[in-house]
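Generate a structure from the sequence data that follows.
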Amino acid sequence: MIGAIDILLPRPLPDAWLSGLLFISFTLHLLFALLALGTAFLAVCCYIQVRCMGHLEDDRLDRRIVKSFLGLKSLAVVLGVAPLLLIQVSRTVPMFSAINLLALAWLFLIVLLVVAFVFFDMMGHATQHYRRFHLAFGIVAMAALLAIPGIFAALMITAENPLAWSEMISRGYRLSGPLAIHWLARYLHLIGAAIVLGAIFHYFFSASQERERNHLMNWIIVGMLLQVVFGVFLFGSLPVRPELLANILIMAAVVLAMVLIWQTFITIRQSKPLAFRSSIALALGLLVVMLMVRQVIQDRAMLPVDNAARANAIVYQKKLAPYELAALADYRKSAANGKQHGESIYAGSCTFCHGELADGNGGEVANLSIPPEKIAELRTTREYLYSLLVKGMPGSGMPYFSVFDRNKLDRLIDSLDQRYQVLQKPGNLPVGVNSAALAQAGAVYRETCSGCHGSDGRGSSQSTAFKPPPPDFTRFSMTPRRTFEVITEGYRGTMMSSYATLPEEVRWGLVDHLQKLRTE
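I've put the predicted structure just below:
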């Protein structure tokens, strides 16, 4: 999974510091994220309840719950920046790989956040005129909000399972069967945690009547039972059995959960209020212990991936070491002259695809659907080649190089012309072609080729939408042998198909015809 030439930059802090900061920041973020999610869930459920009972007075529990959503979601968003940055620094390869594999879902997070926040705000501030839409606003907002932890859970599961990346790609960037089951268990476990934390928070900070507090205590019991059931489901769905430390922490979490359930149950039976300190301590302790379990499992999965990337970086740096002094001397020479040589531009920007010998055999060839052109075989004009460099080639892997000014691109073109005569005319055919074959080639061009290339070689109205478009033969050509090769084999990834069925002499006649179209 890790490329042989990965180069990772030095990390700003030791790994232990980064792991500690990641754990602390993620714990704070998740706390407020779960509180916001639990708040949304309870607000909608409480509204449904009071509406069914007909208690639509102004000072309702659901209204008081909704009012706290703005502060909780704002803290969740702000505190979420730190763990995102830290995990990208400390778990670079698995995190960025997961983001790329789930890119569409990752980008859709922005839409979900906007929808959730806007509709919850509308729910909390709905006027009398829009009161009938109150529930609809809440349901839309809650649906958007419930999707967000699902995406984050999928992202983390992907990052934690690098051996499954190839299978995910083959399945259309989706989690495989066992990982999908694990995702469901993890997602439902998060929802249960959100209900528990939200109910405890609003028990102490939103409920003002005994019946409201009893209602929220029931939600605490429901949420804890969901935590236990989904926790067992989550443990059974783990792709790799947890190590001893993780198992010890899991047992500690089970004990804390049982204590919290028992305390809430006894409080309900005795008709007493929940103890503030012990309830908050148990809930936060349970959250911290479960996150410690997750941290241990993540480190076990992610650290080997990043360690492999570091090992590759060391190997590649040793491979490059013999060339460092020469490259540095060349750079200093260019910097001292205030110029950049055409050779260095080619080496730094073109070699990857077109190869060191400009034969189209660069290191990235295997990754390109359209093969790079064999520059050494081109025969064109300065202005046409400059236009290709500045604009790129739409539909192919050829980007635009407008980052270089005209002088630098002229140096590159001069270097290519000096080495490969790219600004010369294509030259004579290496074989003789009789007049009959030339006539047949002309007919083939008119009847077949002109549909895309135009009768004059400048392209046709049909080919203007092609990506990449056909070249302008009045200014662009290739060596006769390269032109014959393209006619015979076609050009993979483009609309240019093979014409190997034509007699060889007719194909050479087409080469002659194309060269005669060249006017510049």
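
going forward, measure contacts between C-alpha atoms and count neighbours the same way
Noted.

can you pull the buried residues of stretch 168-176?
168, 173-175 (16 or more other CA atoms under 10 Å).

now stretch 272-288
Buried, per 16+ other CA under 10 Å, within stretch 272-288: 274, 279-280, 282-288.

Over to stretch 307-323?
308-315.

Just to be sure, which of the residues you listed are found in helices?
Judged by DSSP state H, helices contain the following of those: 308-315.

Switch those residues over to JSON lines; also include pLDDT.
Converted to JSON lines, these look like this (pLDDT from 0 to 100):
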{"residue": "A308", "pLDDT": "80"}
{"residue": "A309", "pLDDT": "78"}
{"residue": "R310", "pLDDT": "78"}
{"residue": "A311", "pLDDT": "80"}
{"residue": "N312", "pLDDT": "79"}
{"residue": "A313", "pLDDT": "77"}
{"residue": "I314", "pLDDT": "79"}
{"residue": "V315", "pLDDT": "80"}
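
Return the member of those residues nearest to I345.
Nearest to I345 out of these is A313 (CA to CA; 24.4 Å).

Would you mind listing the residues in contact with L429?
Counting by CA atoms under 8 Å, 6 or more residues apart in numbering, L429 touches 480-481, 508, 512.

where does it fall, helix, sheet strand or coil?
On the three-state scheme (DSSP: H, G, I helix; E, B strand; the rest coil), L429 is labelled coil.

and what of the one 4 residues further on?
Using three-state DSSP as the criterion, the local structure at V433 reads coil.

Also the one 10 residues further on?
Three-state assignment for A443 (three-state DSSP): helix.

Identify the farthest-apart pair in the buried residues of stretch 168-176.
Farthest apart among the buried residues of stretch 168-176 by CA to CA are Y173 and L175. That separation is 6.9 Å.

which residue sits farthest out from the middle of this structure?
Going by CA atoms, centre = their mean, the residue of the chain most distant from its centre is S435, 58.2 Å out.

pLDDT below threshold where in this protein?
Counting by pLDDT under 70, the chain shows low-confidence ranges at 1-9, 51-59, 124-132, 331, 333-340.

if you set the cut-off to 50 instead, what comes out?
Filtered on pLDDT under 50, the chain yields the residue ranges 1-5.

Tell me how it divides into domains.
For the chain, the structural domains run 15-303, 344-420, 435-517, going by automatic domain parsing.

Format those domains as TSV; extra columns: distance to R332.
Shown next, in TSV, are those (distance: least, CA to CA, whole Å):
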stretch	distance to R332
domain 15-303	32
domain 344-420	12
domain 435-517	36
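
which residue is nearest the middle of the protein?
Closest-to-mean residue, the chain, CA atoms, centre = their mean: N100 / 2.5 Å.

Buried ones in the helix or strand containing it, by neighbour count?
Per DSSP states H and E: N100 is located in helix 92-101. Buried residues in helix 92-101, defined by neighbour count with 16+ other CA under 10 Å: 92-99, 101.

now for it, which elements pack on it?
Using 3 or more CA pairs under 8 Å, 6 or more residues apart in numbering; DSSP states H and E, the elements in contact with helix 92-101 are helix 69-90, helix 134-160, helix 165-170, helix 276-337.

hmm, who's touching it?
Contacts of helix 92-101 (CA under 8 Å, 6+ apart): 87-88, 106, 155-156, 158-160, 162, 165, 168-169, 173, 302, 305-306, 309.

Buried among those residues? Need that as a selection in ChimeraX.
A single ChimeraX command is used to select the members of the contacts of helix 92-101 judged buried by 16+ other CA under 10 Å:
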select :87,106,155,156,158,159,160,162,165,168,173,302,305,306,309
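
follow-up on the earlier one: I'd like to know how far the residue farthest from the centre of the chain sits from L287.
With distances taken as CA to CA, to the nearest Å, S435 is found 87 Å from L287.

same check, this time on E373
57 Å.

Can you classify R379 by secondary structure?
Secondary structure state of R379, per three-state DSSP, is strand.

Repeat that for the one 5 residues further on.
Reduced to three states with three-state DSSP, the structure at Y384 is helix.

what's the neighbour count on it?
15 (other CA atoms under 10 Å).

Let me see the contact set for it.
Going by CA under 8 Å, 6+ apart, Y384 touches 475-476.

let's see 10 Å
For Y384, the contact set (CA atoms under 10 Å, 6 or more residues apart in numbering) comprises 423, 471-472, 475-476, 520.

Columns secondary structure on top of these, output as a markdown table?
Formatted as a markdown table, the contacts of Y384 follow (three-state DSSP):
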| residue | secondary structure |
| --- | --- |
| L423 | coil |
| P471 | coil |
| D472 | coil |
| R475 | coil |
| F476 | strand |
| E520 | coil |
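
Buried ones among the residues you listed?
Using 16+ other CA under 10 Å as the burial test, those include 423, 472, 475-476 as buried.

how about JSON lines for these, with distance to A253 added?
JSON lines is the format used below for the buried ones among the contacts of Y384 (distance: CA to CA, whole Å):
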{"residue": "L423", "distance to A253": "74"}
{"residue": "D472", "distance to A253": "71"}
{"residue": "R475", "distance to A253": "74"}
{"residue": "F476", "distance to A253": "72"}
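
In these, find the pair that's most separated.
L423 and D472 (14.9 Å).

So what touches the helix or strand where C452 lies?
Under the criterion of DSSP H and E, C452 resides in helix 450-453. The contact list for helix 450-453 (CA under 10 Å, 6+ apart) reads 444-446, 456-464, 466, 469-473, 495-496.

cutoff 6 Å now
The contact list for helix 450-453 (CA atoms under 6 Å, 6 or more residues apart in numbering) reads 459-460, 463.

Okay, buried residues for that helix please.
Buried residues in helix 450-453 (16+ other CA under 10 Å): 450, 452-453.

Can you tell me the strand partners of the next helix-or-strand element following it and which way each runs?
Later in the chain than helix 450-453, the nearest helix or strand by DSSP H and E is strand 476-478. Next to strand 476-478 in the sheet, as set by DSSP bridges, lie strand 378-380 (antiparallel).

how far out from the middle of the chain is stretch 391-407?
24 Å (CA atoms, centre = their mean, to the nearest Å).

May I see the buried residues of it?
392-393, 396-398, 401.

Quick check: end-to-end length of that stretch?
The first-to-last residue distance of stretch 391-407 comes to 16 Å (CA to CA).

which outside residues touch it?
Counting by CA under 6 Å, 6+ apart, residues outside stretch 391-407 touching it are 370, 389-390, 467-468.

Now the buried members of these.
370, 389-390, 468.

With distance to H215 added, can I get those residues in a markdown table?
Below are the buried ones among the contacts of stretch 391-407 laid out as a markdown table (distance: CA to CA, whole Å):
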| residue | distance to H215 |
| --- | --- |
| I370 | 64 |
| L389 | 69 |
| V390 | 68 |
| P468 | 65 |
